[in-house]
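J.: Sequence first, predicted coordinates after that:
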Amino acid sequence: MALPQITEAQCAMCRAVVESEVDGNTAEGINNGIVYLMAIPYILVGGLFYFVYRKLRN
């Protein structure tokens, strides 16, 4: 976030595929994959904190 020029970078292959698609299905698939990969660690850490909370409360 501090360096927006670096954070906007992406691999050349992904960019070429997304820009060459007409219907946008590939771009939607890539975005869904990013959301999926981003959500899993939050779910795992949230579950861990929940179990620690339950253990400490008893």
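T.: Sure, I can see it.
J.: can you give me the helices for this protein?
T.: With DSSP state H, the ranges of helices along the chain come out as 4-7, 12-20, 25-57.
J.: any idea of the mean pLDDT for the first one?
T.: Across helix 4-7, pLDDT averages out at 57.
J.: next one: the longest one
T.: Average pLDDT, helix 25-57: 91.
J.: Could you dump the helices of the chain into CSV with mean neighbour count added?
T.: All C-beta atoms are positioned from the backbone trio N, CA, C, and that covers glycine. Listed next are the helices of the chain as CSV, based on neighbours: other C-beta atoms under 10 Å:
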stretch, mean neighbour count
helix 4-7, 8
helix 12-20, 11
helix 25-57, 10
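J.: who's in contact with stretch 18-31?
T.: 14, 17 (C-beta atoms under 8 Å, 6 or more residues apart in numbering).
J.: can you give me how far it is from the chain middle?
T.: 16 Å (C-alpha atoms, centre = their mean, to the nearest Å).
J.: Over to stretch 22-33?
T.: So, by C-alpha atoms, centre = their mean, the centroid of stretch 22-33 is 14 Å from its chain's centroid.
J.: try stretch 33-43
T.: Distance, centroid of stretch 33-43 to centroid of chain: 5 Å (C-alpha atoms, centre = their mean).
J.: Which residues does that stretch contact?
T.: Contacts of stretch 33-43 (C-beta under 8 Å, 6+ apart): none.
J.: any idea how far residue 40 is from residue 46?
T.: 11 Å (C-beta to C-beta, to the nearest Å).
J.: likewise residue 26?
T.: 22 Å.
J.: again with residue 34
T.: Applying C-beta to C-beta to residue 34 and residue 40 gives a distance of 11 Å.
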